[in-house]
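A.B. asks: Predicted model and sequence follow; I will ask about them next.
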Amino acid sequence: MTSTIQDRPAASSARAGTAEGGPFLQASGLHAHYGQSHVLHGVDLTIGRGEAVGLLGRNGMGKTTLIRTLIGQLQATGGTVQVAGRDVTGQAPEQIVRLGIGYVPEGRGVFPNLSVRENLLMAARPGRKGQTDWTFDRVMQTFPRLSERLGNGGGQLSGGEQQMLAIGRALMTNPDLMILDEATEGLAPLVVAEIWRVIGLIRASGIASLVVDRNYRHVLATTDRCVVLEKGRVVLAGESETLAADEAGLHRYLGV
Ligand SMILES: Nc1ncnc2c1ncn2[C@@H]1O[C@H](COP(=O)(O)OP(=O)(O)OP(=O)(O)O)[C@@H](O)[C@H]1O
């Protein structure tokens with residue numbers, strides 16, 4: 001994160017939103033800038049309740065910027081974002097994620113000086129509708145490796161364990177939507193397989209997800225729908241199964 005990120009103004013109060021029954025997240029015509037640099041150019045994105053959505057695109061195409069704009073870390077310079085039926089455009093990240101988003105940023109985000117146990121327990125809270133499905137014990141069952149490291153500091157963990165802890169922390173908030181940005185980056189193959197297993201578990205548990213990963217084949221195979229960004233614009237979108245068969249589109253936009 002650099003100083004070129006535009007300051008986000010004070011959070012505005014929630015404006016009237018759409019009904020509860022609509023998609024969990026809906027972004028319409030999103031624009032975002034870093035200083036003078038125009039990075040998102042009118043992006044539309046919808047994530048249904050319980051839907052797994054993949055976000056694909058080559059390096060620098062705007063995937064992380066889109067995520068940061070969705071959760072209010074970066075102020076949208078145009079367009080709107082609705083979460084759980086509320087217009088959250090311009091709101092502070094803390095307010096937006098409180099509506100039920102578990103965000104696992106690229107590069108993780110665990111507290112290095114707190115133990116694994118403390119990292120998890122401090123994140124614990126019921127979900128937006130009071131759901132408490134994800135308890136400390138369930139996270140332990142999901143990541144047996146973390147249960148062996150409970151007393152260790154976050155900073156003493158391997159990269160893979162830190163990633164598991166970051167995902168575990170997000171699950172402890174009992175989210176309706178998990179956002180995973182490059183969750184497998186830089187990890188050894190066995191750990192990568194473990195992370196994909198958990199991404200599958202999250203999907204099966206009915207939590208919606210937005211998944212960014214370099215392994216686009218894996219993303220296509222483990223999501224319902226995918227959106228492909230090129231230079232801050234959606235250039236391909238559709239059912240993952242259909243996109244997986246679109247060799248020409250994948251070649252053109254993902255360079256494969
Ligand atoms: N903090 C920043 N300040 C200025 N420009 C930025 C900043 N972060 C990203 N950019 C630029 O915005 C564009 C989109 O970057 P972004 O990180 O969103 O892409 P990405 O698709 O997530 O790619 P990657 O996989 O490399 O992270 C790129 O041109 C990038 O150089």
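C.D. replies: Cool, got the structure.
A.B. asks: So what touches the helix or strand encompassing residue 95?
C.D. replies: Under the criterion DSSP states H and E, the helix or strand holding residue 95 is helix 93-97. Contacts made with helix 93-97 from outside it, assessed by Cβ atoms under 8 Å, 6 or more residues apart in numbering, are listed as 11, 70-73, 81, 83, 88, 103, 173. Quick note: C-beta positions are derived from backbone N, CA and C, even for glycine.
A.B. asks: for the next helix or strand after it, packing partners?
C.D. replies: Using DSSP H and E, the helix or strand that follows helix 93-97 in sequence is strand 101-104. In this structure, strand 101-104 makes packing contacts with helix 159-171, strand 177-181, judged by 3 or more Cβ pairs under 8 Å, 6 or more residues apart in numbering; DSSP states H and E.
A.B. asks: Report the mean confidence score over the first one.
C.D. replies: Taken as a whole, helix 159-171 carries a mean pLDDT of 95.
A.B. asks: Can you work out which other helices and strands pack against it?
C.D. replies: strand 101-104, helix 116-123, helix 136-142, helix 144-147, strand 177-181, helix 189-204.
A.B. asks: For residue 234, give me phi and psi.
C.D. replies: Summarising the backbone geometry of residue 234 under the convention degrees, to the nearest 10, its torsions are phi -80, psi 120.
A.B. asks: Over to residue 206?
C.D. replies: phi 90, psi 0.
A.B. asks: ok, back up a step: selecting buried members of the contacts of helix 93-97 in PyMOL, what would you type?
C.D. replies: Here is the PyMOL command that selects only those of the contacts of helix 93-97 that count as buried (16 or more other Cβ atoms under 10 Å):
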select buried, resi 70+71+72+73+81+83+88+103+173
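A.B. asks: Among the contacts of helix 93-97, which one sits closest to the ligand?
C.D. replies: Distances from the contacts of helix 93-97 to the ligand were compared by Cβ to the nearest ligand atom; the smallest belongs to residue 73, at 10.3 Å.
A.B. asks: Which helix or which strand is home to the closest one?
C.D. replies: Assignment of secondary structure by DSSP H and E places residue 73 within no helix or strand.
A.B. asks: Now stretch 211-230: buried residues?
C.D. replies: Those would be 211-213, 216, 218-220, 222-230, for stretch 211-230 by 16+ other Cβ under 10 Å.
A.B. asks: Just those residues: which are in strands?
C.D. replies: Among these, DSSP state E puts 211-212, 225-230 in strands.
A.B. asks: same for the ligand: which of these are within range?
C.D. replies: With Cβ under 6 Å from any ligand atom as the criterion, no member of these is in contact with the ligand.
A.B. asks: Dump the residues you listed into CSV; add pLDDT and distance to residue 117 as well.
C.D. replies: As requested, these are exported to CSV (pLDDT from 0 to 100; distance: Cβ to Cβ, whole Å):
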residue, pLDDT, distance to residue 117
211, 98, 27
212, 97, 29
225, 97, 37
226, 97, 36
227, 97, 37
228, 97, 40
229, 97, 38
230, 97, 43
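A.B. asks: ok, residue 210 to the ligand distance?
C.D. replies: 12 Å (Cβ to the nearest ligand atom, to the nearest Å).
A.B. asks: Give the burial count for residue 246, as a bare number.
C.D. replies: Applying other Cβ atoms under 10 Å, we find 15 other residues in the vicinity of residue 246.
A.B. asks: Can you classify the closest residue to it other than its chain neighbours as helix, strand or coil?
C.D. replies: On the basis of Cβ to Cβ, 6 or more residues apart in numbering, the spatially nearest residue to residue 246 that is not a chain neighbour turns out to be residue 236, at 7.3 Å. Put simply, residue 236 is strand when judged by DSSP: H, G, I helix; E, B strand; the rest coil.
A.B. asks: Run through the bridge partners of residue 236.
C.D. replies: residue 228 (DSSP bridges).
A.B. asks: No more questions from me, cheers.
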